[in-house]
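Chemist: Pasting the sequence and the predicted coordinates here, then a few questions.
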Amino acid sequence: MLLTYQRMSNAPAAIVTGASRGIGRAIALELGSRGYSVIVNYHSNAQAASEVVAALSEIGARAWPVAADVGSADDRQRLVDAAMQQCGRLDVLVNNAGITSPGRKDLLDATEEGWDRVLDTNLKGPFFLSQLAARQMLELRQAGELERGTLINISSISAYAVSTNRADYCIAKAGMEMMTWLYADRLATDQIHVYEICPGVISSDMTAPVREKYDQQIADGLTPIRRWGEPEDVAKAVGTLVTDTFAFSTGQRFHVDGGFHIRRL
Ligand code: NAP
């Protein structure tokens, strides 16, 4: 029964981690609008994930909410299994789930507990989920069932801009750049392309507690484009990267940051 259903739908399939809210939600909707079936991963907010699935359904996209902690090996396997069971294929993985530094402590007061939580979620999880997804994509390619795969890592301007009260977060995001290069190099001959998107200050639950601080900094010229980024700004970049517009690019970092990365005198 399931197999028959899989064959009826030829839609490409994507896993988007942390898709219940913020940037991940916008990415899921963008991919759904481009004809993807979407595994909508969330950690604990089942209600928000259901709403994303309902919104995808409204635009005609197939989607499933899947609770999984990307820091857990069993949960990561469950995400890839869900894509294969529901869609029979896996074309795109977007490593978006992430948490900020617990308590935003000065690095001289940072704890191992906080380090482990942030590194597990923001770096170890994406690394090993990419490994699982890549193995699955390679298997599909060997069977002649996948032309091209894409892995996209959502890092941050914190990969290279220091915040001394979020050391674990900065280090995890910096690690994502090397992770992107490693997978890009390893998978290039198999037509699996790997990209990093580096968002700037984006309006979401994550930045809600520091809204006023960034309002002021943006007004003072923190970014050449003087506005907050929206989750859709990041989602549109993902939507372009899954096409073959950048077919001769891999391992590339794309800035979606209002020009924040430009050094100025
Ligand atoms: P957000 O609004 O806080 O949403 C976080 C999402 O990640 C939620 O869907 C959450 O699920 C999920 N999540 C958290 N821990 C998880 C885990 N262990 N396993 C699976 N899912 C988990 O965050 P956001 O602002 O959209 O950020 C998304 C990504 O962009 C993050 O990687 C973040 O570092 C990065 N980023 C954000 C900004 C920004 O300014 N907002 C800037 C640069 C980079 P639940 O709903 O179940 O909690």
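Modeler: Sure, I can see it.
Chemist: Check Arg166 and give its pLDDT.
Modeler: We have a pLDDT of 97 for Arg166.
Chemist: any idea of the pLDDT on the closest residue to it other than its chain neighbours?
Modeler: Leaving aside its sequence neighbours, Arg166 sits nearest to Ser101 (Cβ to Cβ, 6 or more residues apart in numbering; 3.9 Å). Glycine gets a C-beta too; all of them are placed from N, C-alpha and C. Looking at Ser101, its pLDDT is 97.
Chemist: Can I get the longest helix that the chain contains in PDB, CA atoms only?
Modeler: Once the chain is assigned using DSSP state H, the helix that runs over the most residues is helix 167-187. What follows is helix 167-187, C-alpha atoms only, in PDB (Å, rounded to 0.1, in the frame of the first residue of the first chain):
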ATOM      1  CA  ALA A 167      31.200  31.200  22.800                       C
ATOM      2  CA  ASP A 168      29.700  27.800  22.300                       C
ATOM      3  CA  TYR A 169      27.300  29.100  19.700                       C
ATOM      4  CA  CYS A 170      30.100  30.900  17.800                       C
ATOM      5  CA  ILE A 171      32.300  27.800  17.800                       C
ATOM      6  CA  ALA A 172      29.500  25.500  16.700                       C
ATOM      7  CA  LYS A 173      28.700  27.800  13.800                       C
ATOM      8  CA  ALA A 174      32.300  28.200  12.800                       C
ATOM      9  CA  GLY A 175      32.600  24.400  12.700                       C
ATOM     10  CA  MET A 176      29.700  24.400  10.200                       C
ATOM     11  CA  GLU A 177      31.900  26.100   7.600                       C
ATOM     12  CA  MET A 178      34.500  23.300   7.700                       C
ATOM     13  CA  MET A 179      31.700  20.700   7.800                       C
ATOM     14  CA  THR A 180      30.300  22.200   4.600                       C
ATOM     15  CA  TRP A 181      33.700  22.100   2.900                       C
ATOM     16  CA  LEU A 182      34.300  18.500   4.000                       C
ATOM     17  CA  TYR A 183      31.000  17.200   2.700                       C
ATOM     18  CA  ALA A 184      31.200  19.300  -0.400                       C
ATOM     19  CA  ASP A 185      34.500  17.800  -1.300                       C
ATOM     20  CA  ARG A 186      33.600  14.200  -0.400                       C
ATOM     21  CA  LEU A 187      30.300  14.200  -2.300                       C
END
